[in-house]
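> Structure, please.
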Amino acid sequence: MRTLPSTTMTVILALCLAGTDAGAQGFPGGGRAGGRGMGGAHGTHAPAGTPPSAARQAADPLVVFLQGLGALRIDLLVRAEQVDAWSAMHDALIVVADVERDAAASRPVANDASLQLDAFVDGLRRRADAAKAAGERIKAVIGLLDERQKPAFLARLADAIGASESPPTP
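This is a model prediction of the structure:
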């Protein structure tokens, strides 16, 4: 039996794993995200009469980064020794997207301002914890990237951060 060169095996592995990344990014029925639409505006409409600037808030940069993760993985040709760290980063970014989605979901508002404050602070804490864990996983991946991969990875991360800071468009 003939063995394939390691570069070919890496490409095959990256393509196979990229399929799960794409499925987990909110495509209908795909991945662990169950097609919840993390990456798009599926079913998210502002109430009637809401000004366009208020209707669209800046996206979380980590969620924006998650949306392009499948393509980035293919572009970087993630190696076998990088897969575990990459998968951990991917999972942490999914948690961020889930927490963001939950925070955006409308919930019944209690009449008690103290309970409202508690819920607000708890939501902020969950978002901060998820972002911190994702940041740690991203740094772990950066530490494993080679001199060819690192600049491309950092550029995509910077693009995601920049895209989330752009002013909302009507």
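
> all strands of this structure, in order?
For the chain, strands defined by DSSP state E do not occur.

> so where's it shaky on pLDDT?
Across the chain, the ranges flagged by pLDDT under 70 are 1-58, 106-109, 164-170.

> report the longest helix in it, please.
Longest helix in the chain by number of residues (criterion: DSSP state H): helix 113-144.

> in it, what counts as buried?
126-127, 130-131, 133-134, 137-138, 140-141, 144 (16 or more other CB atoms under 10 Å). In short, each C-beta sits where N, CA and C put it, glycine included.

> ditto for stretch 91-105
For stretch 91-105, a neighbour-count test (16+ other CB under 10 Å) marks 92-101 as buried.

> CA-only coordinates of it in CSV, if you can.
Coordinates of each C-alpha in stretch 91-105 appear next as CSV, following Å, rounded to 0.1, in the frame of the first residue of the first chain:
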residue,chain,number,x,y,z
ASP,A,91,-15.6,25.3,20.4
ALA,A,92,-14.8,28.3,22.5
LEU,A,93,-15.9,30.6,19.7
ILE,A,94,-19.2,28.7,19.4
VAL,A,95,-19.8,29.3,23.1
VAL,A,96,-19.3,33.0,22.6
ALA,A,97,-21.8,33.0,19.7
ASP,A,98,-24.3,31.0,21.8
VAL,A,99,-23.9,33.5,24.7
GLU,A,100,-24.3,36.4,22.4
ARG,A,101,-27.4,34.9,20.8
ASP,A,102,-28.9,34.2,24.2
ALA,A,103,-28.1,37.8,25.3
ALA,A,104,-29.9,39.2,22.3
ALA,A,105,-33.0,37.0,22.8
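
> count of residues packed around the residue nearest to residue 116 when sequence neighbours are not counted?
The spatial neighbour of residue 116 that comes closest, neighbours along the chain excluded (CB to CB, 6 or more residues apart in numbering), is residue 110 at 5.7 Å. By other CB atoms under 10 Å, the residues close to residue 110 number 12.
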